[in-house]
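Undergrad: compute the structure for the input listed below.
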Amino acid sequence: MVTLPPRFELGTEFHKINYGAWRAKVESELKGASFDKRMTTHFYEGIELQPLYTEEIFATAGDPAGLPGFSPFVRGTETLGHRVGGWDIRQEEAHYDPAVANAHILEELNGGVTSIDLRFDGASMHGLDPDDPRAADLVGHDGVSIATAGDIARVTRDVDLTVAGLHLDPGSAFLPAAALYVAHARRAGIPLDRLRGGFVADPLKALMRDGSLLTSLDTALAQMADLAAWTSQNLPCMTAVDVSTTPYHNAGTTAVADVAFAVATGLDYLRVLTDAGLGLEAAARQFTFSMGLGCRFYLAIAKIRAARLLWAQAVAACGGSPEAQKMHLRVTTGRRVMTTRNRSLNILRNTVACYAGAVAGADVITTTPFDAPTGLPTEGSRHNARNTQLILAEECHLSQVVDPAGGAWYLEWYTHEIARRAWSVLQEVEAQGGMIKAVLNGWVARQVRTAEAARERDAATRKLAVTGVSEHPTQVEYRTDQEVPDFDAITETAKQRVSGWRRANPSPETLGTLAATAVGSGALTAAAIAAAERGATLGDLAAALTRTGEEPTVIAPLAVHPYAKAYEELRDAADAFEARRGRRPRVHVAGVGSIAEQVARKNYARNFFEAGGFEVIAEERHFDIEDAAEAFARTDTKIAVICSTDRHYATVVPELAARLKQAGARTVVLAGRPGEAEEAWRAAGVDRFIYMRCDVLETLWTLLREEDAES
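TA: All right, here's what the predicted structure looks like:
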């Protein structure tokens, strides 16, 4: 009979492994090769990831990360995490027509979404009404056309704003947009103490993303403080200020800098709000944070946890209570990882980002429709984005475990390493006078460009792989038809809408008092809301809030740098070639030897050239030199790629390269490193060599241009 022990202790049956002994065993297996080179991974953050983490590397005894719901909030801001209500599933709505946007919003909310991010169009973000001549080419672009409280009413028709709030994304027009939102709520009889949503006032985000503000940065910051003060006094279920690092993330910054920039911006905004008279505790409650996530799963988890840790420490240093130290964080799938080619794989990228956000305890998660990078999302892609979150929450039960990363040596170490390095970057920012000054003097943009340059180098060599685009590309893609907006018609409709509003709501006299109203205490926001209630448009409010003679702040914006962009440009060029010539640019694979001897480099060459949009012609059979040359001669191609083994190359390359040139090859490419034979093989007719970590982009562009030159 088997007698079970009265107490079960997990781990008692496993032998304790000493890290030093494990490493010694690995080094013996490496047979002299460098442990650091073979076993460690180096990333853009400067962090070296080890192959194994143990208690000896990161001691978790005593739980240094604390407990969930307690300072320093590494493990989340709620004791029970997402177990009770789940995370906030927030989706973005950006259809140009307020009525269509409303239909989408109702569908999203009925389908399980819990809040909406409403993105305003280019005209609204610039503080312009649709009938303003300066709004030409901006109306309906990249967002909903919003000009009046009536447009807010159209967008929110049948939406219970006391349950599912609207979080506005109006760029630097945050105060006019907030005034319209509150004016609509008052007109609709919605109790302000139950109104939900957020005004997302973030002047630095608007400046770095769009390159300009409606006013000077100082005025924008003062208006942000005024809005925060009024919101604090009147809207207990809403927030006024957002701290977003998405412009830096999408432009290519590292996770370490991302965390540092978030905390540095938050500190500057805290100073602005407290200098305007808002107490530290009240000011901190007005904050939300927004970050983009990529596809490096564990890095994303560690970044979120490190951001909470650093913000808690920063607010504590300012004298803030544990409640004020809590970071309310929204994460989104970063634009830099989304592709316009092989878009269905964006579904997987969304899943990775959402999964990481849920595991790390993000409060709000937004997943991007997989076809959003190429235009207005289709119904299917919107459903997919929403359902990705619902499946992870309800079927995978990700909301049922509180901080699953807690106590994992690797993730705890990773979290604290990012936090430690981000603290150093934060000190650099503070030494320059804070984030605002670091942005204006160009320091932040330089840091981002340096990080992005490293990524671009790795993308060029395919060290940084983009599946489906630079690696394992798909030449024939299935694409659903996306709506192609008629912007002339959109503009005309929007003009008629605002014209009708003006006829029914003559311009209020209160507009004239806005510029003279004191800023900072909430009085300016109250006056703007009163004007909006009486019919003032977004453009009216923006003009009235701009001081006479004041020059708006303008800088060079941070451009979005998708990882796949360079390869997508190659594919665009190949498509244009096909449109002109009736076929794609071609390469012929000249394999030599048995199929088994050709296959490795043939697959490499196929992957290499298809990433540039080339059609690859290859036969799967045994070839000798004569067969390979004759097979090439039968094809209508000018580029030949020799593929075989190093053993064959020594005898095959000199003769085959010459035969290929005689058969009409303009360019002979050899798959593999030439080593000491390069000079001889070039003399024989080899023009280019392709191999792991060569400059793929330079090679493909050169060959594509050569093809085009003969078109």
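Undergrad: tell me what the longest helix seen in the chain is packed against?
TA: Counting residues, the longest helix found in the chain (DSSP state H) is helix 409-431. Packed against helix 409-431 by the contact rule (3 or more Cβ pairs under 8 Å, 6 or more residues apart in numbering; DSSP states H and E) you find helix 255-275, helix 297-317. Quick note: C-beta positions are derived from backbone N, CA and C, even for glycine.
Undergrad: list the buried ones in stretch 667-676?
TA: By neighbour count on 16 or more other Cβ atoms under 10 Å, the buried set for stretch 667-676 is T667, V668, V669, L670, A671, G672, P674.
Undergrad: which SS state does the third one fall under?
TA: This points to V669. Following DSSP: H, G, I helix; E, B strand; the rest coil, V669 is assigned to strand.
Undergrad: on that earlier part again, output the helices and strands packed on helix 409-431 in JSON lines; the columns should cover mean pLDDT, distance to H95 and mean neighbour count.
TA: What follows is the helices and strands packed on helix 409-431, written out as JSON lines (pLDDT from 0 to 100; distance: least, Cβ to Cβ, whole Å; neighbours: other Cβ atoms under 10 Å):
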{"stretch": "helix 255-275", "mean pLDDT": "98", "distance to H95": "30", "mean neighbour count": "25"}
{"stretch": "helix 297-317", "mean pLDDT": "97", "distance to H95": "29", "mean neighbour count": "24"}
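Undergrad: adding distance to F120, write those helices out as CSV.
TA: Below are the helices and strands packed on helix 409-431 laid out as CSV (distance: least, Cβ to Cβ, whole Å):
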stretch, distance to F120
helix 255-275, 21
helix 297-317, 27
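Undergrad: so which of those helices is nearest R455?
TA: Smallest distance to R455 across the helices and strands packed on helix 409-431 (Cβ to Cβ): 12.5 Å, for helix 255-275.
Undergrad: distance from the chain centre to the closest one, please.
TA: 19 Å (Cα atoms, centre = their mean, to the nearest Å).
Undergrad: same check on stretch 557-567?
TA: 11 Å.
Undergrad: and it, C-alpha only, in CSV?
TA: What follows is stretch 557-567, C-alpha atoms only, in CSV (Å, rounded to 0.1, in the frame of the first residue of the first chain):
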residue,chain,number,x,y,z
PRO,A,557,7.2,65.6,-35.9
LEU,A,558,8.3,62.1,-35.3
ALA,A,559,7.5,59.9,-38.3
VAL,A,560,6.1,56.5,-37.8
HIS,A,561,8.6,53.8,-38.7
PRO,A,562,7.0,50.4,-39.3
TYR,A,563,9.6,47.6,-39.3
ALA,A,564,8.3,46.4,-42.6
LYS,A,565,8.3,49.7,-44.4
ALA,A,566,11.5,49.3,-46.5
TYR,A,567,10.4,45.9,-47.8
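Undergrad: how about low-confidence regions in the stretch 1-150 of the chain?
TA: 1-4, 8-14 (pLDDT under 70).
Undergrad: next structured bit after the longest helix of the chain?
TA: Once helix 409-431 ends, the next helix or strand along the chain (criterion: DSSP states H and E) is helix 435-440.
Undergrad: list of residues touching that following helix?
TA: 204, 207-208, 217, 221, 261, 264-265, 267-268, 429, 432, 444-445, 553, 555 (Cβ atoms under 8 Å, 6 or more residues apart in numbering).
Undergrad: one more time with 10 Å, if that's ok
TA: 203-204, 207-208, 217-218, 221, 243, 248, 260-269, 271-272, 426, 428-433, 443-447, 553, 555, 558 (Cβ atoms under 10 Å, 6 or more residues apart in numbering).
Undergrad: need the mean per-residue confidence for that helix.
TA: In this model, helix 435-440 has a mean pLDDT of 97.
Undergrad: any idea of the mean pLDDT in the helix or strand just after that helix?
TA: Moving toward the C-terminus from helix 435-440, the next helix or strand (DSSP H and E) is helix 443-461. Averaged across helix 443-461, the pLDDT comes to 95.
Undergrad: just want the angle from helix 443-461 to helix 255-275.
TA: Helix 443-461 and helix 255-275 are oriented at 160 degrees to each other (axes from the mean of the first three to the mean of the last three Cα atoms, to 10 degrees).
Undergrad: quick check: next helix or strand after helix 443-461?
TA: Counting by DSSP H and E, what follows helix 443-461 is helix 487-504.
Undergrad: packing partners of that next one?
TA: With contacts taken as 3 or more Cβ pairs under 10 Å, 6 or more residues apart in numbering; DSSP states H and E, helix 487-504 sits against helix 122-125, helix 149-155, helix 538-544.
Undergrad: mind running it again at 8 Å?
TA: Using 3+ Cβ pairs under 8 Å, 6+ apart: helix 487-504 touches helix 149-155.
Undergrad: hey, C-alpha coordinates of the helix it packs on in PDB?
TA: In PDB, the C-alpha atoms belonging to helix 149-155 read as follows (Å, rounded to 0.1, in the frame of the first residue of the first chain):
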ATOM      1  CA  ALA A 149     -22.100  69.500 -30.000                       C
ATOM      2  CA  GLY A 150     -24.600  68.100 -32.500                       C
ATOM      3  CA  ASP A 151     -21.900  66.000 -34.100                       C
ATOM      4  CA  ILE A 152     -21.100  64.600 -30.600                       C
ATOM      5  CA  ALA A 153     -24.800  63.800 -30.300                       C
ATOM      6  CA  ARG A 154     -24.800  62.000 -33.600                       C
ATOM      7  CA  VAL A 155     -21.700  59.900 -32.600                       C
END
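Undergrad: continuing past that helix, what's the next helix or strand?
TA: Moving toward the C-terminus from helix 149-155, the next element (DSSP H and E) is strand 166-169.
Undergrad: quick one: contacts of that following strand?
TA: 90, 92, 115-120, 143, 155-156, 159, 174, 177-178, 181, 196-200.
Undergrad: out of those, which sit inside strands?
TA: R90, E92, S115, I116, D117, L118, R119, G197, G198, F199, V200 (DSSP state E).
Undergrad: buried subset of those residues, written for ChimeraX?
TA: Restricted to buried positions by 16+ other Cβ under 10 Å, the ChimeraX selection for the ones in strands among the contacts of strand 166-169 reads:
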select :90,92,115,116,117,118,119,197,198,199,200
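Undergrad: quick one, what contacts P322?
TA: P322 neighbours (Cβ under 8 Å, 6+ apart): F70, S71, A312.
Undergrad: I misspoke; the intended subject was S115.
TA: Each residue near S115 by Cβ under 8 Å, 6+ apart is listed here: D88, I89, R90, A164, G165, L166, H167, R196, G197, V364.
Undergrad: about what we covered before: between the buried residues of stretch 667-676, which is nearest A631?
TA: Of those, the one sitting nearest to A631 (Cβ to Cβ) turns out to be V668, at 14.2 Å.
Undergrad: my guess is the closest one meets P654, correct?
TA: No - between V668 and P654 there is no contact under Cβ atoms under 8 Å: 11.4 Å.
Undergrad: and A59, helix, strand or coil?
TA: Strictly by three-state DSSP, A59 counts as coil.
Undergrad: and it, how many neighbours?
TA: For A59, the count of nearby residues is 12 (other Cβ atoms under 10 Å).
Undergrad: gap between it and V402?
TA: 22 Å (Cβ to Cβ, to the nearest Å).
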